[in-house]
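A.B. asks: okay, sequence plus prediction incoming.
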Amino acid sequence: MGALRNLSIYRKLLVMVIISTISLIAVAVISYFYTQRIADSTESMYNDRLQPIRQLGQIRTNNRSTLMILRLSLFT
């Protein structure tokens, strides 16, 4: 902190702006990578969790269709 006392106000402000800019860039880069990570996790969750549920729904629909066909063939 003693080094800042000998600097002019312009230099102090310049140092603060540079530090703020570097911090902002660091936060932006970290946020970007975590956003990508979340997107990948979301896609994985969609493929691993939701697709099997849709497939089970299709199996259920197919079973009902098969049951109706069997009932029609038995009673006609």
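C.D. replies: On my side now, so go ahead.
A.B. asks: hey, let's count contacts and neighbours off CA atoms from now on
C.D. replies: Noted.
A.B. asks: how many neighbours does Lys12 have?
C.D. replies: Lys12 has 14 neighbouring residues, counting by other CA atoms under 10 Å.
A.B. asks: and the gap between Tyr34 and Ala26?
C.D. replies: Distance, Tyr34 to Ala26, using CA to CA, to the nearest Å: 12 Å.
A.B. asks: least trustworthy helix or strand in the protein by mean pLDDT?
C.D. replies: Counting by mean pLDDT, DSSP states H and E, the chain has its least confident helix or strand at helix 2-5, which shows a mean of 76.
A.B. asks: what's the following helix or strand after it?
C.D. replies: helix 9-45 (DSSP states H and E).
A.B. asks: average pLDDT for that following helix?
C.D. replies: Confidence over helix 9-45 (mean pLDDT, whole number) is 95.
A.B. asks: regarding Asn63, what is its secondary structure?
C.D. replies: The three-state label given to Asn63 by DSSP: H, G, I helix; E, B strand; the rest coil is helix.
A.B. asks: count of residues packed around it?
C.D. replies: Close neighbours of Asn63, defined as other CA under 10 Å, add up to 12.
A.B. asks: per-residue pLDDT, Asp48?
C.D. replies: Reading off the model, Asp48 has pLDDT 86.
A.B. asks: what sits up against the least confident helix or strand of the chain?
C.D. replies: Contacts of helix 2-5 with the rest of the structure, by CA atoms under 8 Å, 6 or more residues apart in numbering, involve Lys12.
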